[in-house]
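Q: Here you go, sequence then predicted model.
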Amino acid sequence: MNLKGEPARVGRHCGANAYSVTPEVVAFYADALDDRSELYGKVAPPLLYHSECYRFVLEWYLKNLFGNLHARQDWELFAPIEIGSRVRTRSTIVERYHKRGRDYVVNETDVMAEEDARLLVRGCTHQSFLPPRDGAPGGFVVDASTPGRKALREPFPTATGRELAGLPKSVDARRCWMFSGPGKNYHTDREAAQQLGFPNIVVQGMMTTCFVSQLMQDEFGMGWIEGGRMSVKLVNVLWVDERVTARARVREELPEGDRVRVGCDVWVDKDDGTRVLAGTASALRAA
């Protein structure tokens, strides 16, 4: 094992795990996210293993952790994760690139049925890192004033279809601990966050993708679990004790075999209007 994942080479296998999908694990997720779908009597939340890629950070993270951020997340859902089943995961580095002064590493994590190796869920996580610095880093990389210093964003959403019912959420310290704990890290502990260049607890970016998943599942049910797609950018930091609302608006409806794929613009805004997530998601429904 190389320290902090250097060199993070494309094609590198980062690790694998096996899990039993128990009712207790599903109940913990439902409590942590306040996502209590009736579907969870038989199937698990599709993003149950939302942070599996972070179990292998020593294998794919770059050395300089100061100011590292989750920049983009893609999800593909192929089949339900059944309660009572066993699943296996695997983590692979699939891409590296440089953009706007940051280095990016992309980790693909697959969740497969242990019984027959069927692919259930695939996630691609784009993590950004600042280049190595000489001497000890100082100051905050991102703080509450950062959104105001960014260039004006292009109009979004541009979809003109119906808007789905918004999903409001509040993110307190308990929710951060349940989602990103139990250990102390910059998603659960203020002191740990300050050591990495942030003034307060940074809400894990995966959480807002789970909010979008819940919004789409509430609307499309199994059509999300068996065929959902999401590609979103995490455009601003969400801090502990802030409130957000996840939203979606229909962009298009296209035939896909004997069903219809409904494509949406999706976004998550804080109560003050600051956008933290923007992108697209789609699900299937009967033709």
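A: Sure thing, it's come through.

Q: Give me the residue ranges of the stretch 101-250 of the chain where confidence is low.
A: 134-143, 145, 148-152 (pLDDT under 70).

Q: Mind jotting down where the helices sit in it?
A: 146-149, 173-180, 190-195, 205-220, 222-225 (DSSP state H, counting those that start in this stretch).

Q: ok, residue 226 to residue 127 distance?
A: 28 Å (C-beta to C-beta, to the nearest Å). From N, CA and C alone the C-beta is placed, and that goes for glycine too.

Q: neighbour count winner among the two?
A: A side-by-side neighbour count of residue 226 and residue 127, using other C-beta atoms under 10 Å, places residue 127 first with 24 against 18.

Q: Distance from stretch 53-64 to the middle of the chain?
A: Relative to the centre of its chain, stretch 53-64 is centred 16 Å away, using C-alpha atoms, centre = their mean, to the nearest Å.

Q: I meant to write stretch 267-284 there.
A: Worked out by C-alpha atoms, centre = their mean, stretch 267-284 lies 12 Å from the chain centre.

Q: do the same with stretch 97-113
A: Using C-alpha atoms, centre = their mean, the offset of stretch 97-113 from its chain centre is 12 Å.

Q: contacting residues around that stretch?
A: By C-beta atoms under 8 Å, 6 or more residues apart in numbering, the residues outside stretch 97-113 that reach it are 5, 8, 14, 49, 52-53, 56, 60-62, 71, 79, 81, 85-96, 118-131.

Q: Quick check on the residues you listed: which are buried?
A: 5, 8, 14, 49, 52-53, 56, 60-62, 71, 79, 81, 85, 87-93, 120-121, 123-130 (16 or more other C-beta atoms under 10 Å).

Q: hmm, back to that, in TSV, list the helices of the stretch 101-250 of the chain along with distance to residue 100.
A: Shown next, in TSV, are the helices of the stretch 101-250 of the chain (distance: least, C-beta to C-beta, whole Å):
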stretch	distance to residue 100
helix 146-149	14
helix 173-180	26
helix 190-195	23
helix 205-220	18
helix 222-225	32
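
Q: Tell me which of those sits nearest to residue 31.
A: helix 173-180 (6.9 Å; C-beta to C-beta).

Q: can I assume residue 275 is in contact with residue 269?
A: Yes - the criterion here is C-beta atoms under 8 Å, and residue 275 meets it with residue 269 at 5.2 Å.

Q: neighbours of residue 115, just the number please.
A: A count of nearby residues for residue 115, using other C-beta under 10 Å, gives 11.

Q: Surely it touches residue 87?
A: No - in this structure, residue 115 is not within contact of residue 87 by C-beta under 8 Å, at 9.3 Å.

Q: can you map out the strands along the stretch 101-250 of the chain?
A: 102-113, 119-129, 167-171, 229-234, 242-256 (DSSP state E, counting those that start in this stretch).

Q: Ok, which of the helices of the stretch 101-250 of the chain comes nearest residue 264?
A: Short answer: helix 205-220, nearest of those by C-beta to C-beta, at 7.4 Å.

Q: thinking residue 156 is in contact with residue 268, fair?
A: No - applying C-beta under 8 Å as the test, residue 156 and residue 268 come out as separate, 11.9 Å apart.

Q: Spit out the residues that contact those two alike.
A: Contact with both residue 156 and residue 268 is made by residues 275, 278, according to C-beta under 8 Å, 6+ apart.

Q: between those two, who's got more neighbours?
A: residue 268 (29 against 13).

Q: And residue 254, how close does it get to residue 278?
A: In this view, residue 254 and residue 278 are 21 Å apart by C-beta to C-beta.

Q: shouldn't residue 59 be in contact with residue 7?
A: No - using C-beta under 8 Å, residue 59 makes no contact with residue 7, being 11.0 Å away.

Q: Comparing these two, which residue is more hemmed in?
A: With neighbours defined as other C-beta under 10 Å, residue 59 and residue 7 compare such that residue 59 has more, 20 against 10.

Q: Phi, psi for that one please.
A: Residue 59 adopts backbone torsions of phi -100, psi -10, taken as degrees, to the nearest 10.

Q: Ignoring the adjacent residues along the chain, who's closest to it?
A: residue 14 (3.7 Å; C-beta to C-beta, 6 or more residues apart in numbering).

Q: Tell me the buried residues in stretch 252-270?
A: 260-270.
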